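Novice: Provide a 3D model corresponding to the input given below.
(one chain, ligands or ions: 1)
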Amino acid sequence: MNRTRSNELYEQALQHIVGGVNSPSRSFKAVGGGAPVFMQKANGAYFWDVDGNRYIDYLAAYGPIILGHAHPHVTEAITRAAANGTLYGTPTELEIDFARMLKEAIPSLDKVRFVNSGTEAVMSTIRVARAYTGRAKIIKFAGCYHGHSDLVLVAAGSGPSTLGIPDSAGIPLSLASEVITVPFNDLAALEEALAVWGGETAAVMVEPIVGNFGMVMPKPGFLEGLCRLARAHGALVIYDEVITAFRFHYGSAQTYAGLPLETPGGWDAVQPDLTALGKIIGGGLPIGAYGGRREIMEQVAPLGPAYQAGTMAGNPASIAAGIACLQALREPGTYARLESLAAALADGLSAAARRHGIALTVNRIGGAFSTHFCDHPVTNYDEAQDTDGERFAQFFRLMLEQGVCLAPSKYEAWFLTTAHTEDDTAATLAAAERAFAEMAKR
Ligand code: PMP
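Specialist: Modelled structure (predicted):
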């Protein structure tokens, strides 16, 4: 595949933009380096790069593009909003409509606040949890990524682990010491941490279904145990649903029927106090939101003492795009279709890898899955790290050369969109068959 123009643009970008990219996960550092592909246009399930090559897109912009690119309903909503002015700095009626939609879909939200990114949403839940409890410490799980704010960039997954940076520089040790990290799916470790720090812990934060060291389900009883233990110590539970909300059904992971639960308490036993949202709820425009129990959210200014604000927050374009996206997702059959496309692809990849003697673990949840080059299950971050990064890099490049765009990291998921077709998944499987055959030779 000729990528002359991409390569030229990368050289130019390096002179003006740090690392040539505006988010480190876009660089190809984790897959052997070199120029990332510069895309020019996207429509439906496809990208076209600046050299005119077409790719089937499974990156979905790291998750938000669940309807595919330039979905007509979303595009129309954005255009209409833009024509009426993109930013007011005043409240608008649309914000109420959207808040209502989110509350209807996610029952644990009594009140919400819109922000501009998942990072901001998570950061704000921590502020509020600390304000409400009067405590400082946060317990989180190894490999879960919660954005790039100081507190949660300790032992984080996604970009930082991909680049082999366990903690970021620039985070004072005094702050990092307010964060305790325990392995995902390990209630005994959480219990130990709470036994020591329970009295100082403001919140236990988790991706209820992990999307940042591949797709990883909580084990049966894990979320219930987490909620029970946190509450026993007076700590709040924060679910980071930036990836998971509206991913697997019209709602969040906290009410997803596919969750392997052992909950005598039913759904009530796994409800968080606070939830962070982002990605899909912006329909492809910048957004984040957080919300939860009324008395906790009422800590937030102007009602309470916890300050949180934003010039761009709740802007009409993002809100309109989010509403349009959720409206489209509400169409009957949407999630069943995403799931059946993903299942065919994930099962096909497993079978093809087996045929060529390539060890591959595929974790699929609904319309998203992750591919781990290893011969063991992946249920926590250690197991996700203990996979063959070289093999992933080979696979990534062989797929890219055949016009299939994956995220350039062994930790990121493949996301199906409503724009993908059976022809796309069949073409992807044919490409994977050739990639595995080539890998088996090396
Ligand atoms: N939380 C989770 C679970 C995420 O996956 C991400 C982004 N990948 C974030 C928070 C941060 O969101 P943003 O990049 O919009 O700041």
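Novice: which ones are touching T133?
Specialist: By Cβ atoms under 8 Å, 6 or more residues apart in numbering, T133 lies in contact with A202, A203, G234, A235, L236. Any C-beta I mention is one placed from the backbone N, CA and C, and that applies to glycine too.
Novice: what is the burial count for the residue in the stretch 151-300 of the chain that the ligand sits nearest to?
Specialist: Nearest residue of the stretch 151-300 of the chain to the ligand: V242, at 3.5 Å (Cβ to the nearest ligand atom). Residue crowding around V242 was assessed by other Cβ atoms under 10 Å; the count is 31.
Novice: distance of D110 relative to K103?
Specialist: Per Cβ to Cβ, to the nearest Å, D110 is found 7 Å from K103.
Novice: so for the two, which residues contact both of them?
Specialist: Going by Cβ under 8 Å, 6+ apart, residues that sit against D110 and also against K103 are G291.
Novice: now render the contacts of T133 as JSON lines, adding secondary structure and pLDDT.
Specialist: Output for the contacts of T133, formatted as JSON lines (DSSP: H, G, I helix; E, B strand; the rest coil; pLDDT from 0 to 100):
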{"residue": "A202", "secondary structure": "strand", "pLDDT": "98"}
{"residue": "A203", "secondary structure": "strand", "pLDDT": "98"}
{"residue": "G234", "secondary structure": "coil", "pLDDT": "98"}
{"residue": "A235", "secondary structure": "coil", "pLDDT": "98"}
{"residue": "L236", "secondary structure": "strand", "pLDDT": "98"}
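Novice: right, and E401 touches N2 too?
Specialist: No - in this structure, E401 is not within contact of N2 by Cβ atoms under 8 Å, at 10.9 Å.
Novice: quick one, grab the pLDDT at the residue of the stretch 101-250 of the chain found nearest the ligand.
Specialist: At 2.3 Å from the ligand, G118 is the closest residue in the stretch 101-250 of the chain, using Cβ to the nearest ligand atom. Here, the pLDDT recorded for G118 equals 98.
Novice: how about the residues of the stretch 101-250 of the chain near the ligand?
Specialist: 117-119, 122, 145-147, 158, 207, 211-212, 240, 242-243 (Cβ under 6 Å from any ligand atom).
Novice: what are the phi and psi angles of M205?
Specialist: phi -110, psi 140 (degrees, to the nearest 10).
Novice: just give the nearest non-adjacent residue to it, would you?
Specialist: Distances taken as Cβ to Cβ, 6 or more residues apart in numbering place I238 nearest to M205, at 4.3 Å, with adjacent residues excluded.
Novice: what about the one you found, distance to D150?
Specialist: In terms of Cβ to Cβ, I238 sits 16 Å off from D150.
Novice: wasn't L338 part of a strand?
Specialist: No - residue state for L338 (DSSP: H, G, I helix; E, B strand; the rest coil) corresponds to helix; a strand is not indicated.
Novice: count the residues that sit near it.
Specialist: Neighbour tally, L338, other Cβ under 10 Å: 23.
Novice: where do the strands sit along the stretch 301-442 of the chain?
Specialist: For the stretch 301-442 of the chain, applying DSSP state E, counting those that start in this stretch gives strands covering 361-365, 368-372, 404-405, 414-415.
Novice: quick revisit: E401 and N2 - which one has more neighbours?
Specialist: Neighbours per residue (other Cβ under 10 Å) separate E401 from N2, with E401 holding more: 15 against 10.
Novice: okay, now the closest residue to the more buried one other than its chain neighbours: neighbour count?
Specialist: Spatial nearest neighbour of E401, excluding adjacent residues (Cβ to Cβ, 6+ apart): M1 at 5.4 Å. Using other Cβ under 10 Å, M1 has 12 other residues around it.
Novice: quick one: the strands in the stretch 151-300 of the chain?
Specialist: 179-182, 201-206, 236-240, 274-278, 288-292.
Novice: lowest average pLDDT across these?
Specialist: strand 179-182 (a mean of 91).
Novice: returning to that earlier point: check contacts around the closest residue to the residue of the stretch 101-250 of the chain closest to the ligand other than its chain neighbours.
Specialist: Nearest residue to G118, sequence neighbours excluded (Cβ to Cβ, 6+ apart): G278, at 3.2 Å. G278 sits next to P64, S117, G118, A121, V242, I287, G288, A289 when contact means Cβ under 8 Å, 6+ apart.
Novice: quick one on the thing from earlier: and the gap between the residue nearest to M205 and P272?
Specialist: Counting by Cβ to Cβ - I238 and P272 are separated by 6 Å.
Novice: out of I238 and D150, which sits in the busier spot?
Specialist: The neighbour count for I238 versus D150, taken as other Cβ under 10 Å, is higher for I238 (27 against 16).
Novice: picking up where we left off before, mutual contacts of I238 and P272, please.
Specialist: With Cβ under 8 Å, 6+ apart, I238 and P272 have no common neighbours.
Novice: sorry, back to before: out of the contacts of T133, what pair is the most spread apart?
Specialist: By the measure Cβ to Cβ, A203 and G234 form the most distant pair in those, at 10.5 Å.
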